[in-house]
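Colleague: Any chance you could fold what I've pasted below:
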Amino acid sequence: MTKHVFVTGGVASSLGKGLTASALGRLLKARGLRVTMQKLDPYLNVDPGTMNPFEHGEVFVTDDGGETDLDLGHYERFVDENLTSRSNATTGSIYSSVIAAERRGDYLGRTVQVIPHITDEIKHRIRQLTNDDTDVVITEVGGTVGDIEILPFLEAIRQLRLDIGPENVFYLHVTLVPFIGPSGEQKTKPTQHSVTELRSRGIQPDAIVCRSDEPITDELKRKISRLCDVPVDGVVNAADADSLYEIPLVVHNEGLDTFICNHFRMTNVPDADLTEWKALVDRVFSASQTVRVGIIGKYVSLIDAYLSVVEALNHSGIHHHTNVEIDWIQAEEVEGLLAERIRNLDGIVIPGGFGERGVEGKVAAAAYARENNIPCLGLCLGLQVMTIDYARNVLGLPGANSLEFDPQTKHPVVHLMEDQRDVSEKGGTMRLGAYVAQLAAGSKVAEAYGELTVSERHRHRYEFNSNYLSKFDDGDFWASGESPDGQLVEFIELRSHPFWVATQAHPEFKSRPNRPAPLFRSFIEAVVDRKNGRNPKLLKIDESATVVQ
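Modeller: Okay, the predicted model is just below:
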């Protein structure tokens, strides 16, 4: 039978439940187990797709088009499995399903209540990930024990242990052991109170992960064990690490994966083979140089809004033995910063976003990178603003813009997808999930991917206006990737520039620490070349796009 690990948190938010769950998933997979993961979020939104990035951070997109919590990005990067929209459930989506069932008459006129109807739906969402190809499902319960919104989820996972047997369920609780400066002590009281609150809901944790600034002592572990009724081997310390990719090694050294396997009576499971992961961590700390990359963003005051972009840059830095130092630049302030900050960068990334705010700053950054041979990578909106820059400043199309930002523009070089202009709901106008693109032979993007047919995830409404494509065909600008039917531009680049490349997709979502996203890897390569004064390979400005040796 499939085993279930439930990860809850107490004391404070942002303790690292998602990273703890991800690290555990990595360890169990390293033991040869088939692992999948899930996030249960207590907010009432159906999904985070319409939430302000300042509220929620990044919206992570799955291959099947699910708009999900950013923790799914951690799950995919650590476990190296492509998850689906079923790996994220919210209170809003759960209540929507139950109310829809009530309207259909599925409950035969009975009173619909939190117990059993909401809790049954939660259990259904958990168990739908169970199949013959899965050994362990790790489910993170969002929020903090004690929050009123989390109560139905706690009740559901409590019931599940009765439904499938205690030997098939493991409760892992993440708490904080703070250091109190005046007394010079680490305090266990917050952990005790958190576990007391969890037990009041009928859940006795099987193990506790104690987050702390510095390692805790064995005596503190024994104290927590006694007061929380958890075996001392089940008290795991996850002190702050220099790299998040160290976390699997930290909790492995604490014996967490062995403790869980013993609980599940998995006697024939081999020890974790962490050879590849240890080599990855060694590379993290073996960088021989540092490059500065500016992210020209609209939401830079909350860096979690660009979490996957940052990680994809870090993955590429690891690949090239290079530290990537991020310079966060507010797009609305770019025009006043061009001379002061952007010229000193080794590379520029223009990430995605929605709405008019900061767009002109992004256009200015794209122009500066183009004119000064600074490597520039555009993602989603980044492709659109780079297109606008080229149309205005090279092709001489005054006022060229996207219809999203200027509905009256005479040159709508970016427009709404034609087949979705009549859709009334905003969510229905999105191109979401994985789409295939055909790359042009000899292009920079084809060289980066090493193949001519690729698939990347999308999240956008507006597209390059292909009616203008002939105007862009000036021998330098190259629509180097298109949809298989040739109707949509997926990648653009300049032949004469070391790296001025953009994609309508979000390749950052598929990047892995040991397998960087190809475009990011090639971007950092160009950044390193510029940093070290190496001459980049340029393409001739002609139809043949022959590489200049």
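
Colleague: Just want the most central residue of the protein.
Modeller: The residue lying closest to the centre of the chain (CA atoms, centre = their mean) is Gly73, at 3.3 Å.

Colleague: That one is in what secondary structure piece?
Modeller: Here Gly73 sits within helix 71-79, counting by DSSP states H and E.

Colleague: which helices and strands sit right next to that helix?
Modeller: Applying 3 or more CB pairs under 8 Å, 6 or more residues apart in numbering; DSSP states H and E, one finds that helix 71-79 contacts helix 17-30, strand 35-41, strand 60-61, helix 307-319. For glycine as for every other residue, the C-beta is placed from the backbone atoms N, C-alpha and C.

Colleague: and the shortest one, how far out from the chain's middle?
Modeller: Going by CA atoms, centre = their mean, to the nearest Å, the spacing between the C-alpha centre of strand 60-61 and its chain's C-alpha centre is 6 Å.

Colleague: before we move on, what about the first one?
Modeller: Offset of helix 17-30 from its chain centre (CA atoms, centre = their mean): 15 Å.

Colleague: do the same with the second one
Modeller: Relative to the chain's own centre, strand 35-41 is displaced by 14 Å; criterion: CA atoms, centre = their mean.

Colleague: So which bits of the helix or strand following it are buried?
Modeller: Toward the C-terminus, strand 35-41 is succeeded by helix 53-56 as the next helix or strand (DSSP H and E). Judged by neighbour count using 16 or more other CB atoms under 10 Å, the buried positions of helix 53-56 are Pro53, His56.

Colleague: picking that back up, mind saving the C-alpha coords of the helix holding Gly73 as PDB?
Modeller: Backbone C-alpha positions of helix 71-79 (Å, rounded to 0.1, in the frame of the first residue of the first chain) are rendered in PDB as follows:
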ATOM      1  CA  ASP A  71       6.400  25.100  -3.200                       C
ATOM      2  CA  LEU A  72       5.700  22.800  -6.200                       C
ATOM      3  CA  GLY A  73       8.800  24.300  -7.800                       C
ATOM      4  CA  HIS A  74      10.800  23.100  -4.800                       C
ATOM      5  CA  TYR A  75       9.300  19.700  -5.100                       C
ATOM      6  CA  GLU A  76      10.100  19.300  -8.800                       C
ATOM      7  CA  ARG A  77      13.600  20.600  -8.400                       C
ATOM      8  CA  PHE A  78      14.500  18.300  -5.500                       C
ATOM      9  CA  VAL A  79      12.500  15.200  -6.500                       C
END
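
Colleague: From the contact counts, what lies against the very next helix or strand once past that helix?
Modeller: Past helix 71-79, further along toward the C-terminus, the next helix or strand under DSSP H and E is strand 88-90. Strand 88-90 is packed against strand 35-41, with contacts defined by 3+ CB pairs under 8 Å, 6+ apart.

Colleague: State the distance from the residue sitting furthest away from the middle of the chain to Tyr95.
Modeller: What lies farthest from the middle of the chain is Gly109; by CA atoms, centre = their mean that is 42.1 Å. From Gly109 across to Tyr95, the span is 19 Å (CB to CB, to the nearest Å).

Colleague: How about Ala366?
Modeller: For Ala366, the distance to Tyr95 - CB to CB - is 43 Å.

Colleague: With Val5 instead?
Modeller: 25 Å.

Colleague: who has more neighbours, those two?
Modeller: Neighbours per residue, other CB atoms under 10 Å: of Val5 and Tyr95, the larger number sits with Val5, 24 against 17.

Colleague: quick one: the strands in the stretch 401-549 of the chain?
Modeller: In the stretch 401-549 of the chain, the strands defined using DSSP state E, counting those that start in this stretch lie at 401-402, 412-416, 431-439, 453-460, 462-464, 477-482, 489-494, 500-503.

Colleague: Nearest to Phe78, out of those strands?
Modeller: strand 453-460 (18.1 Å; CB to CB).

Colleague: how far is that closest one from where the chain is centred?
Modeller: With CA atoms, centre = their mean, you get 15 Å for strand 453-460.

Colleague: In contact with Arg459: list those residues for me.
Modeller: Val59, Val61, Glu67, Gly352, Cys380, Met430, Arg431, Leu432, His506 (CB atoms under 8 Å, 6 or more residues apart in numbering).

Colleague: So what sits opposite it in the bridge?
Modeller: Counting by DSSP bridges, Arg459 forms beta bridges with Leu432.

Colleague: Please report how far it lies from Leu379.
Modeller: 10 Å.

Colleague: buried set for stretch 508-519?
Modeller: So, applying 16+ other CB under 10 Å, buried residues of stretch 508-519: Glu508, Phe509, Lys510, Ser511, Arg512, Pro513, Pro516, Ala517, Pro518, Leu519.

Colleague: So what's the residue count around the closest residue to Val527 other than its chain neighbours?
Modeller: Nearest residue to Val527, sequence neighbours excluded (CB to CB, 6 or more residues apart in numbering): Gly347, at 3.8 Å. For Gly347, the count of nearby residues is 26 (other CB under 10 Å).

Colleague: was I right about Gly347 contacting Glu525?
Modeller: No. Applying CB atoms under 8 Å, one finds Gly347 not in contact with Glu525, separated by 10.3 Å.

Colleague: right, and the strands of the stretch 401-549 of the chain - which one's nearest Glu155?
Modeller: Closest among these, once you apply CB to CB, is strand 431-439, at 32.4 Å.

Colleague: between that closest one and strand 489-494, how big is the angle?
Modeller: Interaxial angle of strand 431-439 relative to strand 489-494 (axes from the mean of the first three to the mean of the last three CA atoms, to 10 degrees): 50 degrees.

Colleague: Let me see the mean pLDDT of strand 431-439.
Modeller: Averaged over strand 431-439, pLDDT sits at 96.

Colleague: Also stretch 21-32?
Modeller: pLDDT averaged over stretch 21-32 gives 97.

Colleague: Just the buried residues of that stretch, please?
Modeller: Those buried within stretch 21-32 under the rule 16+ other CB under 10 Å are Ala21, Ser22, Ala23, Leu24, Gly25, Arg26, Leu27, Leu28, Lys29, Ala30, Arg31.

Colleague: re the thing from before, how about the strands of the stretch 401-549 of the chain in CSV, adding distance to Lys362?
Modeller: Below are the strands of the stretch 401-549 of the chain laid out as CSV (distance: least, CB to CB, whole Å):
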stretch, distance to Lys362
strand 401-402, 11
strand 412-416, 12
strand 431-439, 20
strand 453-460, 15
strand 462-464, 14
strand 477-482, 18
strand 489-494, 15
strand 500-503, 11
